[in-house]
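Asks: here is my input; please provide its structure:
(chains A and B, ligands or ions: 1)
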Amino acid sequence: MVGIVGYGSYLPRYRIKVEDIANQWGRDPDVIKKGLLVNEKTVPGTDEDTITISVEAGRNALKRAGINPKLIGSVYVGSESHPYAVKPSGTVVAEALGITPEVHIADFEFACKAGTEAMWVVYNEVKSGELQYGLAIGTDTSQGAPGGALEYTASAGGTAFIFGKENLVAEVIETYSYTTDTPDFWRREGAYYPRHGGRFTGEPAYFKHVYNAGIGVLKKANLKPQDFTYAVFHMPNGKFPQTIGKKLGFTKKQLVPGWIVPYMGNTYSGSSPTGLSATFDVSKPGDLILIVSFGSGAGSDAFVFKVTERIDEVRDLAPKLKEMLDENKIYLDYGKYAKFREKIIMNE
Amino acid sequence: MSSPKIWRQRIERYRLLGQKCKDCGKVLFPKRLVCSECGGREFDKEPMPEVGKIITYTTVYFGPKFLEQDIPYILAIIELKNGVRITTQVVDTEPKEVKAGKEVKFVFRKLKDEGKTGVIIYGYKAQLC
Ligand SMILES: [Zn+2]
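Replies: All right, here's what the predicted structure looks like:
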């Protein structure tokens, strides 16, 4: 058996309300909120980035795994907001977590699915017997251009999973991946904000790939939507995961614990992994959970997990996602938010 | 501080890792060559507790360039359960929230970046519990 031995998330304490962004740009807040089904989003502190969020999420995963960090043989950080263009995020993360130096490290990128990509590789490394434990992290501190549609949702946060063969919290039952070349969303080297390819964003990108990955993994695992307790789909906004969930045959109730986007926005590579983390927080032994990510470009990774009895032992060993969403929030107005996210041009 | 020195100190800065004197048991952070209590020169590694409490603090209105966006920010002396005192920034808060005696936990943050094209220095800061 191969699966997750420890999981952990981290969210910044800062928030901005969608209505404050809408008011800044002269839009109707109610129309925007209803259209996106997002109320507020997380904002990273001025001293937070993909590396710091990955370290905090990694520490929480280690607390639940209860293993010696030196036994971790791979560290993969998936993000589209690595602080350096050249110099891996993973080296700082692994050193801070006490994993170095006998470890293989790489940074992954694939728009919003870099996190599940890291999970995919670590899972297969452990399964092949190459590793005793591996650490996969999905984190982002994504930016949307001021006044653009993505500014309402692009948020910050991350989740870490330690994979292994013993003392599992959740066993991997099946995996499936579905990918094509689709120009729905991109950012060129050196460009500050990403762009999206208008009519490519919905149907031919998100819905096609998430649907096919979902159908594919159900078929491969010989399971039906009714067999699952919960399902998590990538959350670029509140509506997309609900629409695709329904199309695949899942009920709203199955989506509830992992549907965190209204309260935190879209954390890109951290989106579906953090939804999975929130779902583990409330799941019971024996529960089947489906997760399907989506990354523009475009592709989806799907995993079927079966929760084990160890969930009850580890749940309280690190902060739960609901606590991070609800407690110690600090709201920013648009001016402070613009300063925090360096949207104001300063003299050098 | 030169970059090689900052780099050599990264482990204690990343992991809040100090030392314990093999002769008298005194816990030291940051690391030293000689024990401040007994003059001993042999130490074991000693991880610091994850939480502490604020002993005293000051609100900073004129800081270095890389902290300009944080002004006004809080600099505090924090005492850990093992008696070690650490001076660091208290983040994610307003000056009116900070009081002596309040509990803090240590968090991993960017300490400094040497301009937009320079290296980024990471380490611990404190956050109200
Ligand atoms: Zn001594």
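Asks: would you map the strands across the chain?
Replies: All of this is about chain A. Using DSSP state E, the strands of chain A run over residues A:3-10, A:14-17, A:40-43, A:72-78, A:104-108, A:133-141, A:156-164, A:170-179, A:185-186, A:195-196, A:230-233, A:288-292, A:299-307, A:330-331.
Asks: hmm, I had chain B in mind actually
Replies: In chain B, the segments counted as strands under DSSP E are B:17-21, B:27-28, B:43-47, B:51-60, B:73-80, B:85-91, B:103-113, B:120-128.
Asks: helices or strands up against the second one?
Replies: Using 3 or more Cβ pairs under 8 Å, 6 or more residues apart in numbering or on different chains; DSSP states H and E as the contact test, the elements touching strand B:27-28 are strand B:17-21, strand B:43-47. The way it works is simple: take the backbone N, C-alpha and C, and place the C-beta from them, glycine included.
Asks: and the fifth one, by the same measure?
Replies: Counting by 3+ Cβ pairs under 8 Å, 6+ apart, the packing neighbours recorded for strand B:73-80 are strand B:51-60, strand B:85-91.
Asks: can you give me the mean pLDDT across the last one?
Replies: What it means is strand B:85-91. Here strand B:85-91 scores 97 as its mean pLDDT.
Asks: report the angle between the axes of it and strand B:103-113?
Replies: Following axes from the mean of the first three to the mean of the last three Cα atoms, to 10 degrees, one obtains 80 degrees for the angle between strand B:85-91 and strand B:103-113.
Asks: show me what the closest residue to residue B:20 other than its chain neighbours bridges to in the sheet.
Replies: Distances taken as Cβ to Cβ, 6 or more residues apart in numbering or on different chains place residue B:46 nearest to residue B:20, at 4.1 Å, with adjacent residues excluded. Under DSSP bridges, the beta-bridge partners of residue B:46 are residue B:18.
Asks: next, count neighbours for residue B:42.
Replies: Residues near residue B:42, counting by other Cβ atoms under 10 Å in any protein chain shown, number 9.
Asks: doesn't residue B:22 make contact with it?
Replies: Yes. Counting by Cβ atoms under 8 Å, residue B:42 touches residue B:22, with 4.2 Å between them.
Asks: just send the strands of chain B back as TSV, with mean neighbour count and distance to the ion too.
Replies: Below are the strands of chain B laid out as TSV (neighbours: other Cβ atoms under 10 Å in any protein chain shown; distance: least, Cβ to the ion, whole Å):
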stretch	mean neighbour count	distance to the ion
strand B:17-21	19	3
strand B:27-28	18	8
strand B:43-47	14	8
strand B:51-60	16	22
strand B:73-80	19	18
strand B:85-91	18	17
strand B:103-113	19	25
strand B:120-128	21	24
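Asks: format the ones you listed as JSON lines; extra columns: distance to residue A:178.
Replies: Shown next, in JSON lines, are these (distance: least, Cβ to Cβ, whole Å):
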{"stretch": "strand B:17-21", "distance to residue A:178": "44"}
{"stretch": "strand B:27-28", "distance to residue A:178": "54"}
{"stretch": "strand B:43-47", "distance to residue A:178": "44"}
{"stretch": "strand B:51-60", "distance to residue A:178": "45"}
{"stretch": "strand B:73-80", "distance to residue A:178": "47"}
{"stretch": "strand B:85-91", "distance to residue A:178": "41"}
{"stretch": "strand B:103-113", "distance to residue A:178": "35"}
{"stretch": "strand B:120-128", "distance to residue A:178": "36"}
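Asks: residues in chain B within reach of chain A, list them.
Replies: Selection of chain B residues close to chain A by Cβ under 8 Å from any Cβ of the partner chain yields B:10-11, B:14-15, B:69-70, B:91-93, B:107-111, B:120, B:122, B:125, B:127-128.
Asks: for chain A, which spans come out with low pLDDT?
Replies: Chain A contains residues with pLDDT under 70 at A:198-200, A:348.
Asks: can you give me the helices for it?
Replies: Ranges of helices within chain A are A:18-24, A:29-36, A:50-65, A:89-96, A:114-128, A:208-221, A:239-248, A:252-255, A:261-264, A:271-282, A:311-314, A:321-326, A:334-340, based on DSSP state H.
Asks: mean neighbour count, the ones you listed: which tops it?
Replies: Sort the helices of chain A by mean neighbour count, taking mean count of other Cβ atoms under 10 Å in any protein chain shown, and helix A:271-282 sits at the top with a mean of 29.
Asks: which helices and strands sit right next to it?
Replies: Right, helix A:271-282 is packed against strand A:3-10, helix A:114-128, strand A:133-141, strand A:156-164, strand A:230-233, strand A:288-292, helix A:321-326 by 3+ Cβ pairs under 8 Å, 6+ apart.
Asks: kindly recompute the last result at 6 Å.
Replies: Judged by 3 or more Cβ pairs under 6 Å, 6 or more residues apart in numbering or on different chains; DSSP states H and E, the packing partners of helix A:271-282 are strand A:3-10, strand A:156-164, strand A:230-233, strand A:288-292, helix A:321-326.
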